[in-house]
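*Asks:* Here is my input; please provide its structure:
(one chain, ligands or ions: 5)
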Amino acid sequence: MAHQVRLIRTPLSVAGMVLTTISAVVFLVVFLADLFGLHTNPYMGILFFLILPGIFLFGLMLIPLGAWIEKRRLAAGKAPSAAHWPRIDLNEPTQRRTAVAIFALSMANVVIVSLAAYRGIEYMDSVAFCGQVCHEVMQPEFEAYQDSAHSRVKCVECHIGPGASYFTQSKLSGTRQIFAVALNSFPRPIPSPVANLRPARDVCEQCHWPEKFHGDKIERIREYAEDEKNTETVTELELHVGSGSERLGASGIHWHVNPNNAIEYIAIDDKRQVIPWVRYTDRSGTTREYRAEGVTQEQLDKGDRRRMDCIDCHNRPSHTMAPTAERAVNETIASGEIPVTLPFIRREAANALKASYPSQEAAAERIAKALRDFYRTNHEAVYMARRQDVEKAVAATQTIYRRNVFPTMNVGFGTYPNNIGHMDSPGCFRCHDDSHTAPDGKTIAQECDSCHTMK
Ligand code: HEC
Ligand code: HEC
Ligand code: HEC
Ligand code: HEC
Ligand code: HEC
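*Replies:* Ligands and ions are numbered 1, 2, ... in the order given. Prediction:
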C-alpha cells in the first residue's frame, strides 16, 4: 500500500489531485448557492455546470494516469512490475486507514460527479441555456417566446420532449450547433421548418387534447387607416375551431387532427408553402387524392411528404412575429400602448418601422427621432401639449421593432410565414384554393363559411 501512495506522488498525479480538489470545492459552493436560489447568469452556468465538472473529471483521470506512467518507468528500470503490486493487509492499522480513506473519497467523487451530471443536463434543458447563451442566434425566437402563450413552457418541452431517443438526438445536434456558433458558420436567419422536430402530436398533446375542442372561437381584428384620425375598422370572425372527436361529430378546423383521419401532403419548396398534392384517408381506408393544376409527377417525386399535424397550421405557436409593420402597429394601437388620438400615428409609426436600419440600437434612436420630428414640424400644437403621448408612442414603436426585427440575423416582418389564416401568406389556402382537384371533380373548398363566419 505504501508503494501505491508513492506511485501517486508523481507531479502528474499531484496536479490531478489539486485540480480535482479545487474544482470540487468551487463546484459544491456554487451548487449550494444555486440550490438556495442564488441564480447565476447563463454564461456562469456554462462555466460552473459544464466546464468545472470537466476539469474535475480531467483531474480525476490524471491521478491514475500519473501512477501508471510511474509504474511503467519503475518497471523498465527495476524488477518486473508484478513484484511491485502492494500486499494489502487490513490487519495493519495504517493500511486499514488508507483503504477507508480511499473508499470514502471515491464515494464522495461518485456523488460529486452524479450531481454535476444531473445539474449539467438540467441546466442544458433550461430556457436560459437555450434562449440566452447564444444570444444573437436565438434572440428572434427568444423574444417572441417570452411574449407568447407558451412563455412558461420550457424550450425543450416542444423541441425535445420526453424519451431517450430524442434526448440523444438533440444533444448531438446541440453539439453541432455549438460548433456552428463557435465557427460563426450558422445560417442567418435560422431556417424554418425545423427538419427533425419531434412529431407535433407527441409534443403538443402532452398539454392539449384536440378531441376535446369544440364550438367557435371569436376573434376581433382591429385595423386603422392611414388618415389623420387613424379611423378604426373591426372585423369579427367566429372561427369554427370544431373538434377532432368522433363522438362530438368531428367537424370544423380540428377535423384534420381527428385520429380517424389521415391527411398527407407533399410540399415542393423548403418552407412548405407550395403544396400541390394532398391525400385524405378516412377511417375505412378509402382515399381521395387531390392535385393542383399543372403539377408534374417529377416534381412530386422530389417533394417532401408529410402527415399533417398540429404544426402544419400552428407553425409559430411560440415564435409569432408580426407579418407586416402595419399589422404590428394596428395591434399596438388596439392594445392602447400607442395612443390612437395622435394624428397620423398609424401611418407614421409603420413608416418608421419599415425603414432599414443597421442594428436594433440604431433603429431605436432613429425611430424616436422620426416620430418626434414629425410632430414637431407638422403638428406643433400637439407636440407641445402632449409630449407624454408622443413619448409613449415612441417607446411602443421601439418595442415593436425590438420584438420583430433582428438585422444581424436577417429576420424581419414576414421572414417566417404563419400558416394560421390566409391574408399575409398562403396558410390554409395552400390547400383550400378551390383548384386542388380529385379525380371525381371534388376540390378542397375555399367556401368562407366553412372556416369562419364574419360580421
Ligand atoms: C410551444 C412549443 C414551443 C416552445 C415552448 C418553443 N418552441 Fe421553438 N419552435 C416551435 C415550433 C413549432 C417551431 C417551428 C417548427 C417548424 O415549423 O418546423 C419552432 C422553431 C424554432 C426555431 C427555428 C427557427 C424558427 O423561428 O422557426 C428556433 C431556433 C427555436 N424554435 C428556438 C426556441 C427557443 C430558444 C425556445 C425557448 C426560449 C423555444 N424555441 C421554445 C415550438 C416551440
Ligand atoms: C407544457 C404544456 C404545453 C405544451 C407542450 C404546448 N402547449 Fe400550447 N398552451 C399551453 C397553455 C398552458 C396554454 C394557455 C396559455 C394561456 O391561456 O395564456 C397554451 C395555449 C395554446 C394556444 C392558444 C394560444 C393563444 O395565443 O391563444 C395554441 C394555439 C397552442 N397552445 C398550441 C400549441 C401547439 C401547436 C403545441 C405544440 C407545438 C403546444 N401548444 C404545446 C401549454 C402547452
Ligand atoms: C388545419 C389547421 C390546424 C391544425 C392541423 C390544428 N389546428 Fe389548432 N387551431 C387552428 C385554428 C385556425 C385555430 C383558431 C385560431 C387561433 O386560435 O389562432 C386553432 C386553435 C387552437 C387552440 C386554441 C383553442 C381555443 O379555443 O382557444 C389550440 C389550443 C389548438 N388549436 C391546438 C392544436 C393542437 C394541439 C393541434 C394538433 C393536435 C392543432 N391545434 C391542430 C388550426 C389548426
Ligand atoms: C395540407 C392541406 C390542407 C391545409 C394546409 C389545410 N387544410 Fe383544411 N382540409 C384539407 C382537406 C384535404 C380537407 C377535406 C376535404 C374533403 O372533404 O375531402 C379539409 C377540410 C377542412 C374543413 C372541413 C372539415 C369538415 O367539417 O368536414 C375545414 C373547416 C378546414 N379544412 C379548415 C382549414 C383551416 C382553417 C386551415 C388553415 C388553418 C386548413 N384547413 C388548412 C386540407 C388542408
Ligand atoms: C380553410 C379555412 C378558411 C377559408 C376557406 C377562409 N378563411 Fe378567412 N381565415 C381563416 C383563418 C384560420 C383566419 C385567421 C384567424 C386568426 O387570425 O386567428 C382567417 C382570417 C380571415 C380574415 C381576417 C384577416 C385579418 O385581417 O387577420 C378575413 C377578412 C377573412 N379570413 C376572410 C375570408 C374570406 C372573405 C373567405 C372566403 C373567400 C375566407 N376568409 C375563407 C380561415 C379560412
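
*Asks:* Helix, strand, or coil at residue 25?
*Replies:* helix (DSSP: H, G, I helix; E, B strand; the rest coil).

*Asks:* With the one 4 residues further on instead?
*Replies:* Secondary structure of residue 29, reduced to three states by three-state DSSP: helix.

*Asks:* Neighbours of it, how many?
*Replies:* Neighbours of residue 29 under the rule other Cβ atoms under 10 Å: 11. C-beta coordinates here come from the backbone N, C-alpha and C atoms, glycine included.

*Asks:* Looking at it now. What's its pLDDT?
*Replies:* pLDDT for residue 29: 79.

*Asks:* now do residue 46
*Replies:* At residue 46, pLDDT is 63.

*Asks:* so what's residue 262 up against?
*Replies:* By Cβ atoms under 8 Å, 6 or more residues apart in numbering, the contact set of residue 262 is 280-281, 307.

*Asks:* Any idea how many residues pack against the closest residue to ligand 5 within the stretch 1-150 of the chain?
*Replies:* Distances between the stretch 1-150 of the chain and ligand 5 by Cβ to the nearest ligand atom are smallest at residue 149, namely 12.7 Å. Close neighbours of residue 149, defined as other Cβ under 10 Å, add up to 9.

*Asks:* Tell me the gap between stretch 111-125 and the middle of its chain.
*Replies:* Mean-position distance between stretch 111-125 and its chain equals 22 Å (Cα atoms, centre = their mean, to the nearest Å).

*Asks:* what's the average pLDDT for it?
*Replies:* 74.

*Asks:* Name the residues of that stretch that are buried.
*Replies:* Neighbour-count burial for stretch 111-125, counted by 16 or more other Cβ atoms under 10 Å, picks out 112, 115-116, 119-120, 123-125.

*Asks:* Secondary structure class of the residue of the stretch 1-150 of the chain closest to ligand 5, three-state.
*Replies:* Going by three-state DSSP: residue 149 is coil.

*Asks:* Begin at 11, not 1, for the rest of this chat.
*Replies:* With 11 as the first residue, the last one maps to residue 159.

*Asks:* so after the helix or strand hosting residue 403, what's the next helix or strand?
*Replies:* Applying DSSP states H and E as the criterion places residue 403 in helix 397-414. Later in the chain than helix 397-414, the nearest helix or strand by DSSP H and E is helix 458-461.

*Asks:* Does ligand 5 have contacts with the next helix-or-strand element following that next one?
*Replies:* Scanning forward in sequence from helix 458-461 by DSSP H and E, the next helix or strand is strand 462-464. Yes: contact between strand 462-464 and ligand 5, assessed by Cβ under 6 Å from any ligand atom, occurs at residue 462.

*Asks:* next one: strand 462-464 to chain centre, how far?
*Replies:* 33 Å.

*Asks:* Note down every partner strand of it and its orientation.
*Replies:* strand 242-249 (antiparallel) (DSSP bridges).

*Asks:* Which one of the residues in the stretch 11-160 of the chain is closest to ligand 3?
*Replies:* residue 159 (8.4 Å).

*Asks:* I'd like the distance between residue 376 and residue 347.
*Replies:* 20 Å (Cβ to Cβ, to the nearest Å).

*Asks:* re earlier: just give me the closest of the contacts of residue 272 to residue 117.
*Replies:* residue 317 (50.7 Å; Cβ to Cβ).

*Asks:* Any idea what the nearest residue to that closest one once chain neighbours are set aside is bridged to?
*Replies:* Excluding the flanking residues, the one nearest residue 317 by Cβ to Cβ, 6 or more residues apart in numbering is residue 274, at 5.2 Å. Here residue 274 sits in beta bridges with residue 289, residue 317, going by DSSP bridges.
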